[in-house]
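In: This is a predicted model, with the sequence first.
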Amino acid sequence: MFLVILILGVAGLVGWYYLNENVFFPQKIERLKRHMEAEQFDEANKLIQTLPDSRKEDPEIQWYCYQIQFHQGQYFMALFHLGEIIKRGRFTEAITELDCHLKMAALYEVMQKPKKVLAEYDAVLQLDPEHYTANFKIGENLYQMKNYGAAQTYLEKALDLKNDNPVISKYLGEIGLVNRDWGRALAMADACLALGERDTEVYLIRAKANLALEKYPEAADDAEQARVDPVHGGFACLVKAISLTRQGKTQEAESLFDQTLSKFNETYQDLVLEARYEHALILSNRGQVKDALRQLYIIRNSGMPWKDTAHRIGVFSQLVNSKTLSDLLEEEMDLILKDELGKGLGIQGYIPAKIQNVEDRSAYVLAKKNISGQNVRFGLAIDLSMQETPAPFFKGFADFLEKQELSSGMVFSLFGFAPESLEALPKAKFEISVLNMKDFENLVKGAKSL
């Protein structure tokens with residue numbers, strides 16, 4: 001009797017196991033799938049809790065658990081279930097190790113943990129070095145972390161794998177600007193536009209590259225396209241203003257500078273400093289030296305040795321402290337030579353007998369006076385421009401002195417000159433005196449004799 005009972009018991013257990021494995025469990029899985037497809041995540045979770053613990057470790061169940069937790073915003077638990085699949089190494093054709101790392105990377109992106117994102121996508125590349133998404137995402141994250149050198153490698157790999165994503169071209173265009181590889185930046189921006197992308201940031205990349213390549217009309221046109229950008233529109237205005245300045249369209253450029261630079265008082269990027277410098281040049285060339293100084297002081301406050309800013313500050317500071325010279329800057333060159341300088345020379349008994357204009361703000365002057373029936377003649381070279389006086393100016397003065405049969409003269413350069421520039425004057429042939437700013441001021445006042 002006992003044996004019969006034992007056999008029946010064993011048979012019952014075997015039958016129960018068979019039913020559970022082949023009938024009840026598959027039915028629960030089917031119900032679970034239906035709940036998941038209908039996004040009934042609470043019901044799906046309740047059903048999973050009824051499964052035996054051994055069954056809960058199945059990769060399919062862990063995958064459902066990950067999906068449920070993800071949709072319910074429980075990201076750490078979602079990561080736990082993916083980690084369990086990876087830890088146990090129980091992958092299937094439908095649930096691969098690569099898929100698990102991709103899902104974990106996506107979760108870490110949502111959680112804004114870029115280092116974890118990089119680690120997971122790197123794990124993907126260990127499994128498949130040609131994986132497009134992993135290459136792109138690593139490149140994108142490194143780009144956003146400003147690790148441009150490393151980002152470039154992955155982004156270029158992603159571009160080789162798939163060249164229809166304009167975002168990659170845009171990132172590589174920005175990296176080209178950072179690397180000062182203007183041609184590459186322009187090519188990537190063009191590639192982005194060729195894909196139909198009309199992102200204003202792309203036009204700004206083009207504008208900056210064209211500006212650096214001295215393609216000023218193109219830079220201005222691209223900058224105009226980018227001006228509507230709510231974030232970068234101000235930078236686009238500055239690019240356009242600089243481009244217009246380089247084309248000689250200073251009036252239009254000054255209007256843009258006036259509208260825009262006040263928005264960047266705490267910004268010391270190269271583009272902004274360049275814009276302030278160009279604005280200072282426009283202002284100083286119009287005689288607005290105090291306004292020019294304000295722009296130059298802001299550049300100096302950046303702590304960056306920008307071009308000849310320090311020298312200009314020194315020159316302009318002397319000018320604003322001299323009413324005589326600052327008044328001169330607001331007058332036309334002909335009036336300065338004939339009226340202001342003429343008056344000063346007249347006090348010494350000289351007259352400007354000949355004036356030879358060189359450029360807009362520079363000239364050679366022959367001064368002469370009569371002493372006891374004898375002509376005394378002297379040569380002056382005057383450069384009132386806001387740029388360093390070039391060597392050809394001095395060579396021209398030597399020719400002027402020789403033509404007028406003079407052996408001596410005086411030179412004044414408002415902005416100064418490179419010492420080697422004076423080598424253009426043959427020292428053995430001419431006796432040349434260099435006037436400083438105070439000397440020239442006294443000459444204009446008639447307080448300095450020739």
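Out: Okay, I see it. Being a predicted model, the structure only gives us computed values, none of them experimental. Residues are numbered from 1 along each chain as shown.
In: What segments of the stretch 351-450 of the chain are helices?
Out: 391-403, 437-445 (DSSP state H, counting those that start in this stretch).
In: ditto for the stretch 1-150 of the chain
Out: 2-19, 25-37, 41-49, 53-56, 59-71, 75-88, 97-110, 114-127, 132-144, 148-161.
In: For the third one, C-alpha coordinates in CSV please.
Out: Extracted C-alpha coordinates of helix 41-49, given in CSV (Å, rounded to 0.1, in the frame of the first residue of the first chain):
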residue,chain,number,x,y,z
PHE,A,41,3.1,47.5,-16.3
ASP,A,42,1.6,47.2,-12.9
GLU,A,43,-0.3,44.1,-13.9
ALA,A,44,2.8,42.7,-15.6
ASN,A,45,4.8,43.3,-12.4
LYS,A,46,2.2,41.6,-10.3
LEU,A,47,2.3,38.6,-12.6
ILE,A,48,6.1,38.4,-12.4
GLN,A,49,5.9,38.3,-8.6
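In: now the angle from it to helix 59-71?
Out: 150 degrees (axes from the mean of the first three to the mean of the last three Cα atoms, to 10 degrees).
In: what comes up buried for helix 41-49?
Out: 41, 44-45, 47-48 (16 or more other Cβ atoms under 10 Å). Quick note: C-beta positions are derived from backbone N, CA and C, even for glycine.
In: now do the last one
Out: Of all the residues in helix 148-161, those buried under the rule 16+ other Cβ under 10 Å are 148, 151-152, 154-155, 157-159.
In: Repeat that for stretch 109-117.
Out: Going by neighbour count (16+ other Cβ under 10 Å), the buried part of stretch 109-117 is 109, 116-117.
In: related to what we said a few turns ago, reformat the helices of the stretch 1-150 of the chain as CSV; add mean pLDDT and distance to Leu261.
Out: Shown next, in CSV, are the helices of the stretch 1-150 of the chain (pLDDT from 0 to 100; distance: least, Cβ to Cβ, whole Å):
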stretch, mean pLDDT, distance to Leu261
helix 2-19, 47, 81
helix 25-37, 68, 58
helix 41-49, 75, 55
helix 53-56, 68, 65
helix 59-71, 84, 48
helix 75-88, 90, 45
helix 97-110, 94, 38
helix 114-127, 96, 35
helix 132-144, 97, 29
helix 148-161, 97, 28
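In: Out of those helices, flag the one nearest Leu186.
Out: helix 148-161 (15.9 Å; Cβ to Cβ).
In: by contact count, what packs against that closest one?
Out: The elements that helix 148-161 packs onto, with contact taken as 3 or more Cβ pairs under 8 Å, 6 or more residues apart in numbering; DSSP states H and E, are helix 132-144, helix 166-178.
In: so which of the buried residues of helix 148-161 comes closest to Phe440?
Out: Tyr148 (50.2 Å).
In: right, and the closest one touches Ile175 too?
Out: Yes - assessed by Cβ atoms under 8 Å, Tyr148 is found in contact with Ile175 at 4.8 Å.
In: In space, what's closest to Leu366 - neighbours in sequence excluded?
Out: Nearest residue to Leu366, sequence neighbours excluded (Cβ to Cβ, 6 or more residues apart in numbering): Lys354, at 3.9 Å.
In: Could you list the buried residues of stretch 198-206?
Out: Buried-residue list, stretch 198-206, by 16+ other Cβ under 10 Å: 199-206.
In: and what of stretch 406-426?
Out: Buried, per 16+ other Cβ under 10 Å, within stretch 406-426: 406, 409-417, 421, 424-425.
In: rewinding a little: select, out of the helices and strands packed on helix 148-161, the one closest to Ala94.
Out: It's helix 132-144; of the helices and strands packed on helix 148-161, that one is closest to Ala94 (Cβ to Cβ) at 18.6 Å.
In: List the buried residues of the closest one.
Out: 133-143.
In: How many residues are close by the closest residue to Gly396 other than its chain neighbours?
Out: Nearest residue to Gly396 in three dimensions, chain neighbours excluded: Val358, at 6.3 Å (Cβ to Cβ, 6+ apart). By other Cβ atoms under 10 Å, 18 other residues sit near Val358.
In: Lys429 too?
Out: With other Cβ under 10 Å as criterion, Lys429 counts 11.
In: How far does stretch 280-293 sit from its chain's centre?
Out: With Cα atoms, centre = their mean, to the nearest Å as the basis, stretch 280-293 stands 26 Å off its chain's centre.
In: Next, the contact list for the residue nearest to Gln387 when sequence neighbours are not counted, please.
Out: Once flanking residues are discounted, Gln387 sits nearest to Phe415: 5.9 Å by Cβ to Cβ, 6+ apart. Phe415 is in contact with 311-312, 315, 383, 385-389, counting by Cβ atoms under 8 Å, 6 or more residues apart in numbering.
In: repeat for Ala353
Out: 366-368, 377.
In: switch the cut-off to 7 Å
Out: 366-368 (Cβ atoms under 7 Å, 6 or more residues apart in numbering).
In: can you check Ser407 too?
Out: 430-431.
In: how near is it to Ala367?
Out: 14 Å (Cβ to Cβ, to the nearest Å).
In: now do Val239
Out: Distance, Val239 to Ala367, by Cβ to Cβ: 47 Å.
In: Neighbour count: the two, which is higher?
Out: Neighbours were counted for Val239 and for Ala367 using other Cβ under 10 Å; Val239 has more, 29 against 24.
In: Touching, that one and Arg206? I think so.
Out: No - counting by Cβ atoms under 7 Å, Val239 does not reach Arg206; the two are 9.8 Å apart.
In: quick revisit: tabulate the helices and strands packed on helix 148-161 in CSV, adding columns for distance to Ala212.
Out: Below are those laid out as CSV (distance: least, Cβ to Cβ, whole Å):
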stretch, distance to Ala212
helix 132-144, 21
helix 166-178, 8
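In: Among the ones you listed, which comes closest to Leu329?
Out: Set against Leu329 and scored by Cβ to Cβ, the helices and strands packed on helix 148-161 come closest in helix 166-178, at 37.1 Å.
In: Output the helix or strand following the closest one as PDB, nothing but the C-alphas.
Out: Next along the chain after helix 166-178, taking DSSP states H and E as the criterion, comes helix 182-194. In PDB, the C-alpha atoms belonging to helix 182-194 read as follows (Å, rounded to 0.1, in the frame of the first residue of the first chain):
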ATOM      1  CA  TRP A 182      39.200  76.700 -41.300                       C
ATOM      2  CA  GLY A 183      39.000  74.700 -44.500                       C
ATOM      3  CA  ARG A 184      37.800  71.600 -42.600                       C
ATOM      4  CA  ALA A 185      35.300  73.600 -40.600                       C
ATOM      5  CA  LEU A 186      33.900  75.100 -43.900                       C
ATOM      6  CA  ALA A 187      33.800  71.700 -45.600                       C
ATOM      7  CA  MET A 188      31.900  70.100 -42.600                       C
ATOM      8  CA  ALA A 189      29.400  73.000 -42.500                       C
ATOM      9  CA  ASP A 190      28.800  72.600 -46.300                       C
ATOM     10  CA  ALA A 191      28.300  68.900 -45.800                       C
ATOM     11  CA  CYS A 192      25.700  69.600 -43.100                       C
ATOM     12  CA  LEU A 193      23.800  72.100 -45.400                       C
ATOM     13  CA  ALA A 194      24.000  69.600 -48.200                       C
END
